[in-house]
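>>> any chance you can model this:
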Amino acid sequence: RLPHLGFDGDVAERVCKRCKIVLDSRDLEERVVWRLARCRDYLAGNLTPYFETGVDTVEDAAYRLTRAAISLARSIPLGAQAYVAL
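Modelled structure (predicted):
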């Protein structure tokens, strides 16, 4: 949540109640500022999307198709020789 302070959401941290209140208020302030900036950019007509749509290359599509085919083949009951081939 607060990467600028080195916190990781997956790692449990113990802090005193006063520090937790300070951290929660700082987190809230950061989210409010972010939302206000997003609203400002939207109203100005230059809202940056959260993600960039990438180019789907032929290699990416072939990789996904291959992974799906292997997954499908592994889910179908096969003989021992065919299973070893996968």
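>>> quick one: average pLDDT of the strand or helix carrying Asp24?
Secondary structure assigned from DSSP states H and E places Asp24 in helix 17-44. Mean pLDDT, helix 17-44: 92.
>>> how about the most centrally placed residue in the chain, secondary structure?
In the chain, the residue lying closest to the centroid (C-alpha atoms, centre = their mean) is Phe51, at 10.3 Å. Following DSSP: H, G, I helix; E, B strand; the rest coil, we place Phe51 in the coil state.
>>> surely Val15 is in contact with Ile21?
No. Contact between Val15 and Ile21 fails when scored by C-beta atoms under 8 Å: they sit 9.5 Å apart. The way it works is simple: take the backbone N, C-alpha and C, and place the C-beta from them, glycine included.
>>> what is the burial count for Gly45?
A count of nearby residues for Gly45, using other C-beta atoms under 10 Å, gives 6.
>>> likewise for Asp27?
Asp27, neighbours per other C-beta under 10 Å, totals 14.
>>> now do Ala73
Other residues close to Ala73 by other C-beta under 10 Å number 13.
>>> great, nothing more from me.
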